[in-house]
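this one's structure only:
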């Protein structure tokens, strides 16, 4: 089990180093960065739209219920195509193609893991808040003013 954890950690470090070097090279050559916060949030938004559309489409019992799911999937496809358009117009064909593949692979994985991490964090936060008990002040002076 320890070997698997070390292998996964080494893979993550290698991907991070490769993405940083590729980003530095593209910034130097084209003045364009594939791995930025803006692109991460755009791809995360597109992934959320895609997941919501797929969930709605699968949950729909009637054939008429599939339309909202298809609309969300179409909106996510528009965002994906916009990202591809930006990548290809700001770089050349080869860098745009391989950079887009790497960008979508890395950012979609991080966004997907981030969605579940956020849900887990909210769940833990709600569980902790539900453990709090109210504090009652028994002997408060009526003439005491705070501030």
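Sure thing, it's come through. Keep in mind that this is a model prediction, so the values were computed, not measured. Numbers count the residues shown, from 1 in each chain.

show me where pLDDT drops low in the chain?
Scanning the chain with the threshold set as pLDDT under 70 gives 60-64, 136-147.

center of it - which residue?
Nearest to the mean C-alpha position of the chain, by CA atoms, centre = their mean, lies residue 111 at 2.6 Å.

who are the neighbours in contact with the residue nearest to residue 47 when sequence neighbours are not counted?
Nearest residue to residue 47 in three dimensions, chain neighbours excluded: residue 111, at 4.8 Å (CB to CB, 6 or more residues apart in numbering). Every residue, glycine included, has its C-beta placed from N, CA and C. For residue 111, the contact set (CB atoms under 8 Å, 6 or more residues apart in numbering) comprises 40, 43-44, 47-48.

tell me which element residue 111 falls in.
Assigned by DSSP states H and E, residue 111 falls within helix 93-130.

now the residue nearest to residue 82 when sequence neighbours are not counted: how far from residue 92?
Ranked by CB to CB, 6+ apart and with sequence neighbours excluded, the top spatial neighbour of residue 82 is residue 42, at 7.6 Å. Plainly put, residue 42 is 21 Å away from residue 92 if you go by CB to CB, to the nearest Å.

more crowded one of those two?
residue 42 (18 against 11; other CB atoms under 10 Å).

let me see the contact set for that one.
79, 82-83.

same question for residue 81.
Taking CB under 8 Å, 6+ apart as the definition, residue 81 has no contacts.

which parts of the one helix or strand it maps to count as buried, going by neighbours?
Element membership of residue 81, judged by DSSP H and E, is helix 67-90. In terms of neighbour count (16 or more other CB atoms under 10 Å), helix 67-90 has its buried residues at 69, 72-73, 75-76, 79-80, 83, 86-87, 90.
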